[in-house]
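Visitor: next comes the sequence, and after it the predicted model I'd like to discuss.
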Amino acid sequence: MSKELFRKNLLSYFSEFKKAIATDKDEWTVKGFIDVYKNIYTISLDTKVVSKIIELLLFPIIAEFASKHDYDIILAQHQNHYPDITFINENNEKIAVDIKTTYVKTDTMVNKFTLGTFTGYFRDRNNSKNITYPYNDYSAHYVLGIIYHRNEEIIDENKKYSLDELENIVSVIKNFDFILQEKWKIASDKPGSGNTKNIGSITNIEDLKNGDGTFSKLGEEVFNDYWSNFLTSDMARAIDSPIPYKNVNEYLNWEKRIIKS
């Protein structure tokens, strides 16, 4: 399976993705949740809720793409398993696609994506724990990213609407954009948010679209080695070890010392 051809073919579906989640005015097609009494309740800006609903909206199109191009697809069996979708061709070659969403913070920057763990299956690449197939079985690891703007209008999450008022409900997100890049091409040298052991992405929108991440010129092997040896302060403390590096420049100096020794 050519990963470049896979990417080219999936990129051609971006217009279909847009139709599935956005109106002609580029507002979210989803207005809220409806109950059996036909009351509609607005959706909060909770990123996990927004992300899951977007995934559900995109999946029929992704399934159509897979069928047209003769891929079998396997979905992650659990929420914390990687990847969201595994594509398999007739030769049993596999490509991983993780669906990620984030929101725009400024004209040029977004809140960073989290790109999966840098421990567990990422380091032990023949391990099948929390991953559909061992990491080494995949020929490529793609991120399908959805970028959106939060609506700045005041939204009353306690209000309920009738179906007749559907057009009056403000969409909580709008102005969608999409990226499709290999994980290593949009990765930064910093972990994701909080104290999680996840790889963080770069945040510049154009760099995300172009795949111009921290490791894009250094190569995938450097990305893999950097994150396979990266230690948080908690990880270093647990093994009574100093932190070898905190950024890519320190890593390159650390790597040179290792090679010399």
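Guide: Received the coordinates, thanks.
Visitor: check which residues of stretch 244-251 are buried.
Guide: Buried residues in stretch 244-251, counted by 16 or more other Cβ atoms under 10 Å: Pro244, Tyr245, Val248, Tyr251. (Glycine included, C-beta is placed from N, CA and C.)
Visitor: quick one: the second one and Asp225 touch, right?
Guide: Right, the one you point to is Tyr245. No: applying Cβ atoms under 8 Å as the test, Tyr245 and Asp225 come out as separate, 11.2 Å apart.
Visitor: any weak-confidence spans in the stretch 101-250 of the chain?
Guide: Scanning the stretch 101-250 of the chain for pLDDT under 70 picks out 154, 194-195.
Visitor: and Ser201, how far is that from Val172?
Guide: Ser201 is 23 Å from Val172, where distance means Cβ to Cβ, to the nearest Å.
Visitor: these two: which has the busier surroundings?
Guide: Neighbours were counted for Ser201 and for Val172 using other Cβ atoms under 10 Å; Ser201 has more, 29 against 23.
Visitor: excluding residues flanking it in the chain, which one is nearest that one?
Guide: Phe113 (3.9 Å; Cβ to Cβ, 6 or more residues apart in numbering).
Visitor: and for Asn168?
Guide: Tyr161 (7.1 Å).
Visitor: contacts only, for the one you found.
Guide: Residues counted as contacts of Tyr161 (Cβ atoms under 8 Å, 6 or more residues apart in numbering) are Gly32, Asn39, Ile40, Tyr41, Thr42, Asn168, Ile169.
Visitor: quick check: buried residues in stretch 95-110?
Guide: For stretch 95-110, burial by neighbour count (16+ other Cβ under 10 Å) applies to Ile95, Ala96, Val97, Asp98, Ile99, Lys100, Thr101, Thr102, Tyr103, Val104, Val110.
Visitor: hmm, which two among these are most spread apart?
Guide: Greatest spatial distance among the buried residues of stretch 95-110 (Cβ to Cβ): Ile95 and Val104, at 28.0 Å.
Visitor: Thr42 reaches Val172, doesn't it?
Guide: Yes: between Thr42 and Val172 there is a contact under Cβ under 8 Å: 6.9 Å.
Visitor: now the common contact residues for those two.
Guide: Contact criterion Cβ under 8 Å, 6+ apart; residues shared by Thr42 and Val172: Ile155.
Visitor: can you pull out the helices in the protein?
Guide: 3-11, 14-21, 47-68, 183-186, 205-210, 220-229, 233-238, 248-260 (DSSP state H).
Visitor: ok, Thr114 - how many residues close by?
Guide: Thr114: 18 surrounding residues under other Cβ under 10 Å.
Visitor: show me the contacts for it.
Guide: Counting by Cβ under 8 Å, 6+ apart, Thr114 makes contact with Lys100, Gly192, Ser193, Thr196, Asn198, Ile199, Gly200, Ser201.
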